[in-house]
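Asker: Here you go, sequence then predicted model.
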Amino acid sequence: MGSGYDFKCKKCKTEYSAMPGVGMMFPRVYKGAVEDIKNGKYGPEWQQIMNSEEFVAVNAEREVYICSECKHWELELNLSLYRPKDAASIRTKQYGIKTVDEWGYVPYVMGYDLKEEYSLIKVCVHKCKKCGKRMHKATDEEIKNLPCPKCGTENTTSGLVMWD
């Protein structure tokens, strides 16, 4: 389940939204993120970490990242990497009709599982596409006041949206 906000720019009237979180397609999103990392899309360091240990997991939840410098924001996958605290217990975890051992891999890992069953290996640093500076995960207050992607005017949300 995800929640987000709709906006309408008070200056240029552009309508935009920010919808972080996960939805019903999360297992597919997760699988795609793992494949992209293993194929080197996010660089050799992420590729090496993902392939170095059994059951390395990625945080594939969508987050809003904002640049402190220019206020440009993006909705991106978190992409931080985790290792299981106890690989043996991960093997016996049930996903649908099979265990991880039967699947041969972990089909997906939810955020609450990352907190309880995994340890952080590496945080993904998100870079601003406009100015190149480091972006940070937006706070709830920042998400409620995201600037217009067209003209940059800061706006307040016109409504909360619950999706999926």
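Answerer: Right, received. Where do you want to start?
Asker: So what's the gap between stretch 92-104 and the chain middle?
Answerer: Its chain's average C-alpha position is 24 Å from that of stretch 92-104, according to C-alpha atoms, centre = their mean, to the nearest Å.
Asker: what does stretch 35-44 give?
Answerer: 15 Å.
Asker: in that stretch, what's buried?
Answerer: By neighbour count, and taking 16 or more other C-beta atoms under 10 Å as the criterion, the buried residues in stretch 35-44 are D36, I37, Y42. Just so you know, the C-beta spots here come from the backbone N, C-alpha and C atoms, and that holds for glycine as well.
Asker: of those residues, closest to E54?
Answerer: Nearest to E54 among the buried residues of stretch 35-44, counting by C-beta to C-beta, is I37 at 14.9 Å.
Asker: Spit out the contact partners of the closest one.
Answerer: W46, Q47, M50, V58, L79, L81 (C-beta atoms under 8 Å, 6 or more residues apart in numbering).
Asker: For burial, what's the neighbour tally of the fifth one?
Answerer: Residues within reach of L79, counting by other C-beta atoms under 10 Å, total 20.
Asker: before we move on, the earlier item: let's see which of the contacts of I37 end up in strands.
Answerer: In strands, defined here by DSSP state E, the members of the contacts of I37 are V58, L81.
Asker: Could you export the contacts of I37 as a markdown table, including distance to K144?
Answerer: Output for these, formatted as a markdown table (distance: C-beta to C-beta, whole Å):
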| residue | distance to K144 |
| --- | --- |
| W46 | 31 |
| Q47 | 36 |
| M50 | 34 |
| V58 | 28 |
| L79 | 24 |
| L81 | 29 |
